[in-house]
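# What follows is a protein structure lacking sequence information:
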């Protein structure tokens, strides 16, 4: 009678051989039959003089509609002043946000330090 020490471990704990699944045989697809189709010719309509479009010659705009250099310069100054005002207001809004968020930031830093120490 074999004892536990004489039985090899490979036969005692051997796993069953894995079966591979066999694939179904491929069926050949039927080839599509070629159908003959008659195509009607489309004739392009002939253009007449009333249908052709002529391009207009480009005209130079009149100089009377242009603004003077002094007026142009004053417009640039005005736009630059508006730009400076908007940037100033943006900076003041950012500073308000910073003053609003600062206490919450310090509280969060203290809380994180309490967790890590």
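Nice, I can see it. Because the structure is a prediction, the values reported are computed rather than measured. Numbers count the residues shown, from 1 in each chain.
# What helices and strands are in contact with the helix or strand hosting residue 89?
Assigned by DSSP states H and E, residue 89 belongs to helix 69-116. Based on contacts counted as 3 or more Cβ pairs under 8 Å, 6 or more residues apart in numbering; DSSP states H and E, there is no element that helix 69-116 packs against. The C-beta positions use only the backbone N, C-alpha and C, and glycine is treated the same way.
# what's the average pLDDT for that helix?
For helix 69-116, mean pLDDT rounds to 96.
# centre of the chain versus it, how much separation?
Chain-centre distance of helix 69-116: 30 Å, with Cα atoms, centre = their mean, to the nearest Å.
# and residue 87, how many neighbours does it have?
As a burial measure, residue 87 scores 10 neighbours (other Cβ atoms under 10 Å).
# what's the answer for residue 83, then?
Using other Cβ under 10 Å, residue 83 is surrounded by 10 other residues.
# what do you get for residue 24?
As a measure of burial, residue 24 has 6 neighbours, counting by other Cβ under 10 Å.
# Next: the one 5 residues further on.
Using other Cβ under 10 Å, the number of residues around residue 29 comes to 6.
# element containing it, please.
Using DSSP H and E, no helix or strand contains residue 29.
# now do residue 35
Assigned by DSSP H and E, residue 35 falls within no helix or strand.
# Residue 116 versus residue 68, what's the distance?
68 Å (Cβ to Cβ, to the nearest Å).
# Same drill for these two, tell me which one is more crowded.
Neighbour totals were compared for residue 68 and residue 116, and residue 68 leads with 8 against 5 (other Cβ under 10 Å).
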